[in-house]
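# Sequence first, predicted coordinates after that:
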Amino acid sequence: MIRVLIERHVAETLEEAYEQRSRRILQTAVGAPGFISGETLVNANDPNHRMTLSNWRSEAHWDRWYHSPTRQELLNEVKPMMDQDEKITILHQC
């Protein structure tokens, strides 16, 4: 199993619109092969800094979802609401 940390920074005043669309991304990922679970968190010191932590059966499953046309299409809906590029970190257990 791997964990994937996705960090995004939402532009001021676009938080509500971003939340609606980002929920769709996570809801769609639930149906992707290899998806185990996921949750979205908000940085207590920066309410526009969002982090999604998801668990996948393998890096190959994540990679398939990451490069899928479905994810790219959904991501294109949230990109205009972000004031920085998303940052993705793949985590393995020690």
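That came in fine, so what should we check first? Residues are numbered from 1 along each chain as shown.
# Which strand in this protein has the most residues?
strand 46-56 (DSSP state E).
# CA-only coordinates of it in CSV, if you can.
The C-alpha trace of strand 46-56 is given here as CSV (Å, rounded to 0.1, in the frame of the first residue of the first chain):
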residue,chain,number,x,y,z
ASP,A,46,-3.7,28.6,6.2
PRO,A,47,-7.4,27.9,5.4
ASN,A,48,-6.7,28.0,1.7
HIS,A,49,-4.1,25.2,1.9
ARG,A,50,-5.9,21.9,1.2
MET,A,51,-4.4,18.5,1.5
THR,A,52,-5.8,15.2,0.3
LEU,A,53,-4.4,12.1,1.7
SER,A,54,-5.3,8.9,-0.2
ASN,A,55,-4.4,5.3,0.2
TRP,A,56,-3.8,3.1,-2.9
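# which residues touch the following helix or strand past that strand?
As assigned by DSSP states H and E, the chain's next helix or strand after strand 46-56 is helix 59-66. The set of residues external to helix 59-66 that reach it, using C-beta atoms under 8 Å, 6 or more residues apart in numbering, is 2, 4, 29, 32-35, 54, 56, 71, 88, 90. The way it works is simple: take the backbone N, C-alpha and C, and place the C-beta from them, glycine included.
# can you rerun that using 6 Å?
Under the contact criterion C-beta atoms under 6 Å, 6 or more residues apart in numbering, helix 59-66 has outside partners 2, 4, 32-34, 56, 71.
# Check which helices and strands the longest strand of the chain is in contact with.
strand 2-9, strand 35-43 (3 or more C-beta pairs under 6 Å, 6 or more residues apart in numbering; DSSP states H and E).
# number of nearby residues for H61?
17 (other C-beta atoms under 10 Å).
# how near is it to T70?
When distances are taken as C-beta to C-beta, to the nearest Å, H61 and T70 turn out to be 14 Å apart.
# Now do the same contact list for R50.
R50 neighbours (C-beta under 6 Å, 6+ apart): R8.
# would T13 count as being in a helix?
No: read with DSSP: H, G, I helix; E, B strand; the rest coil, T13 is coil and lies in no helix.
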